[in-house]
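A.B. asks: From the sequence below, what's the structure:
(chains A, B and C)
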Amino acid sequence: STDRFSDFFYRVRAESPLHHQFLNRWLRTLSEPLPEIPIAAMDIEVRCPSVGHIPDPREADEPVICVCFVCSDGRKCAFLLLRSEVGDQVPEVAGVEVFAYRDERELLKAVFEFIIKYPVLVTFNGDDFDLRYLWHRAVDRFGFRREETPFEAHHDWMGVRHGIHIDLYPFFDNRSIQNYAYEQRYRETTLDDLAQALLNKRKIELEKPIGELDYKTLIEYCMNDAQLTYELAIKLRALELLFLISRIVITPPENVCRTGISIWIKNLLYASMRRLHPRYLIPHPEEVRKRGTITTRPVIKDKLYRGGFVKEPVPGVHFDVVVLDFASLYPSVISVWNISFDTVLCPHSECRDNLIPGTPHHVCRKRTGIVSAVIGSLKDVRVEYFKKLAKDKRLSPEERAFYNSVQLTMKVILNASYGVFGLRAFPLFCPPVAEGTAAVGRYALTKTIEKAESLGVRVLYGDTDSVFLHRPTEEQIHELIKWSERELKLKLELDKRYRYVVLPALKKNYIGVYDDGTVEVKGLAGKKRHMPAFIKRVFVEALETLSKVKTPEDFVDARNHIIHIVSEAHRKLRRREFDVRDLALVVKLGKDISEYRKTTPQHVKAARMLERLGRKVRRGDLIAFVKTRRGGAMPIDLARPEDVDIDKYAELLENTFRPILAALDLEVAEVTGGKMRSLFEFS
DNA sequence: AACTGTGGCGCAGTGC
DNA sequence: GCACTGCGCCACAGTT
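C.D. replies: Numbering: from 1, shown residues only, chains lettered A, B, ... in the order given. All right, here's what the predicted structure looks like:
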């Protein structure tokens, strides 16, 4: 055809009719602009007796005292309950329409009428709290008939009858969304952490329980949360992402925001197979399982199969490092090797010798696998079409932003597409698919390392899909990329250039410094979430020192300066010149505390102390504690400076810096030509 | 019975 | 999804 997609089809030659068919579908459904639908973001406040207490939505025994909306038509509305203990003066709040009620029943009725005006209702945790509370309050306490509310109560979620309810909490809690769409910029799925990390805003801090606030403060607090929810949806494009995922995986947005990625991919593959009926039928899980078993041994026991390869790093400091990586390695492997549950270990004798390297599994030559076609086409459209549009300067910033959302959404789905085949609960669970994909990945990386070395380039490190090259020439880089394209049929790309890299002897740990002084830290203890603020600050200072280093000679001073900073911190510890709160380790409870039976980790010990004091602790809570002399861990709120076990913190400080300093020592020894005393030889 | 050293393992947090 | 690190618990062996 001569339409706007013809150029794409010219560039990307479809490998099979099936592949072509999918390319077509992606282009058409994802180029269509999203419709503009009126939305309302909502937050409610319930009177509660104390600050930390959260009322049970199924009991709903406290009154709803404020409901706020921020809407796409620009309206900001607050529904307020007037109570005798607070007064009957309706406050003025700038930019907010305030509707006040003496009767809670009337308030609920007005709120319900308001909700119905907007086809999309957005909340943060509305399934478990806001909507459920309103529902139980209205039906159980005020005798509303179910039809008199706009809600539909389901076992584990809340819907709205006239439109859709999007709960952003489970969406942002999705690890794939966190990792790939928002690049790990937030760590906790709380409104406050999301707002801080992504919007540079905060929740309003309260001094008093909700029930004791004056009306104006109450509205401001509630409206702020509704506003943050609205901004997550619109400014951070969560809603756009959601609707695009919905299109790709052929699943309603209400469902997409509440389910994990394995459900999305199941729906996508099922829909694709239905479309191809009668050439394809959806297989029974048992049938997929019969395809074959695992033949590689995982590195970590209790895992199913072997995963990515990590090269032993060359410890020390290295200048002029170029990092190359494979563009979407696993999806590309699936595409190039025709890996799918319907092609791996096929029955044809002609295909027996088409082996996946490092495994006894063979792949079909006669038919295109469904997974390979779906994932391969999605990858091609992302790389060759939407990524290009997202960078196309001839388009408006709005258009570019839209196409960027599209390519980001595709990335989320692509990156998860391989792992699900190793998930027992996945209905298309097929170990050889996962195992085979990882095996080709290892093959590609090891061959690339060998090729680089044969070209005379030293490979300093590599992890799964990347190689760190020491001082390669432009020709060598080019040669390697061409070789990969030719021999592996995989796209190797220039990822980044570092002025220098600090490689500790540890895998998955490094510091990379760009030419402009930007520092990138991976894996090192100093940046881990649980580290006390006291140590994190020292760590950041050390990184600032490294950021200024320009030549190998500079390391002598840099190393001495870092040693100085660390010794200074050490001294402060010894003299107990610190705020105890800065020494708190913050660790998440992975499960409810009763489930810790085999061991009692320190944060669990602290959590048990809190529980004995009547504090509720649940799975997912962050426990802040300090290490003390007697009895180990103690909750931060109970700890006094004199309880602190200084030796333990000194050790933690040393352990944080040891890998870095050891790497720097290698460099400094090279520059000065001799050995020198390390920080830790003093202690 | 109390102490010390060691190795395995559970757990959290990270990288890709 | 697997690979890797650090920390601390815990069981066990050997010693006092």
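
A.B. asks: Name the SS class of A:V321, please.
C.D. replies: Here A:V321 is strand, with the state taken from DSSP: H, G, I helix; E, B strand; the rest coil.

A.B. asks: Now do the same contact list for it.
C.D. replies: A:460, A:468-471, A:497-498, A:500-501, A:512 (Cβ atoms under 8 Å, 6 or more residues apart in numbering). All C-beta atoms are positioned from the backbone trio N, CA, C, and that covers glycine.

A.B. asks: Spell out the residue ranges of the strands in the stretch 101-250 of chain A.
C.D. replies: A:120-123, A:151-153, A:158-160, A:164-167 (DSSP state E, counting those that start in this stretch).

A.B. asks: And the second one, how far out from the chain middle?
C.D. replies: Taking the mean of its C-alpha atoms, strand A:151-153 sits 30 Å from the chain's own mean (Cα atoms, centre = their mean, to the nearest Å).

A.B. asks: Would you give the sheet partners of that strand, along with the direction of each?
C.D. replies: strand A:158-160 (antiparallel) (DSSP bridges).

A.B. asks: before we move on, what about the first one?
C.D. replies: Under the criterion DSSP bridges, strand A:120-123 sits next to strand A:39-46 (parallel), strand A:164-167 (parallel) in its sheet.

A.B. asks: Residue of chain A closest to DNA strand B, please.
C.D. replies: A:G590 (2.3 Å; Cβ to the nearest atom of the strand).

A.B. asks: For that residue, which non-adjacent residue is spatially closest?
C.D. replies: Spatial nearest neighbour of A:G590, chain neighbours left out: A:R619 (7.1 Å); criterion: Cβ to Cβ, 6 or more residues apart in numbering.

A.B. asks: Next: A:E667.
C.D. replies: Per Cβ to Cβ, 6+ apart, closest to A:E667 is A:V317, 3.8 Å.

A.B. asks: Of the contacts of A:V321, which count as buried by neighbour count?
C.D. replies: A:460, A:468-470, A:498, A:500-501, A:512 (16 or more other Cβ atoms under 10 Å).

A.B. asks: re the thing from before, what about the residue nearest to A:E667, which helix or strand?
C.D. replies: strand A:316-326 (DSSP states H and E).

A.B. asks: Kindly format the C-alpha coordinates of the very next helix or strand once past that strand as CSV.
C.D. replies: Downstream of strand A:316-326, the next assigned helix or strand under DSSP H and E is helix A:329-336. The C-alpha trace of helix A:329-336 is given here as CSV (Å, rounded to 0.1, in the frame of the first residue of the first chain):
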residue,chain,number,x,y,z
LEU,A,329,18.6,-9.4,23.9
TYR,A,330,16.0,-11.9,24.9
PRO,A,331,13.2,-10.7,22.6
SER,A,332,15.7,-10.7,19.7
VAL,A,333,16.8,-14.2,20.5
ILE,A,334,13.2,-15.4,20.6
SER,A,335,12.7,-13.8,17.2
VAL,A,336,15.9,-14.8,15.5
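
A.B. asks: Which other helices and strands does helix A:329-336 contact?
C.D. replies: Taking 3 or more Cβ pairs under 8 Å, 6 or more residues apart in numbering; DSSP states H and E as contact, the helices and strands that helix A:329-336 lies on are helix A:370-381, helix A:397-416, helix A:431-454.

A.B. asks: orientation of the longest one relative to strand A:316-326 in degrees?
C.D. replies: The one in question is helix A:431-454. Here the directions of helix A:431-454 and strand A:316-326 differ by 130 degrees (axes from the mean of the first three to the mean of the last three Cα atoms, to 10 degrees).

A.B. asks: Tell me which residues of helix A:431-454 come out buried.
C.D. replies: A:431-445, A:447-449, A:451-452.

A.B. asks: near DNA strand C, which residues of the stretch 551-683 of chain A?
C.D. replies: A:598-602, A:605, A:627, A:632-633, A:648, A:651-652, A:655-656, A:659 (Cβ under 7 Å from any atom of the strand).

A.B. asks: try 10 Å
C.D. replies: By the rule Cβ under 10 Å from any atom of the strand, the part of the stretch 551-683 of chain A lying against DNA strand C is A:585, A:587, A:596-605, A:627, A:631-633, A:645, A:648-649, A:651-656, A:658-659.

A.B. asks: about what we covered before: tell me how far the residue nearest to A:E667 lies from DNA strand C.
C.D. replies: According to Cβ to the nearest atom of the strand, to the nearest Å, A:V317 and DNA strand C sit 18 Å apart.

A.B. asks: which residues does that residue contact?
C.D. replies: A:V317 neighbours (Cβ under 8 Å, 6+ apart): A:500-503, A:552, A:555, A:663-664, A:666-667.

A.B. asks: cool, A:T464 as well?
C.D. replies: Counted by Cβ under 8 Å, 6+ apart, A:T464 has contacts A:307-310, A:329, A:441, A:445.

A.B. asks: ok, it to DNA strand C distance?
C.D. replies: 7 Å.

A.B. asks: Once you drop chain neighbours, what's closest to A:Y186?
C.D. replies: A:A197 (3.9 Å).

A.B. asks: Need the per-residue pLDDT for that neighbour.
C.D. replies: On the pLDDT scale, A:A197 is placed at 91.

A.B. asks: Spit out the contact partners of it.
C.D. replies: A:185-187.

A.B. asks: ok, how many other residues are close to the single nearest residue of the stretch 551-683 of chain A relative to DNA strand C?
C.D. replies: Closest to DNA strand C within the stretch 551-683 of chain A is A:N655: 3.5 Å, counting by Cβ to the nearest atom of the strand. A:N655: 13 surrounding residues under other Cβ atoms under 10 Å.

A.B. asks: Are we agreed that A:C77 is in a strand?
C.D. replies: Yes. Counting by three-state DSSP, A:C77 is part of a strand.
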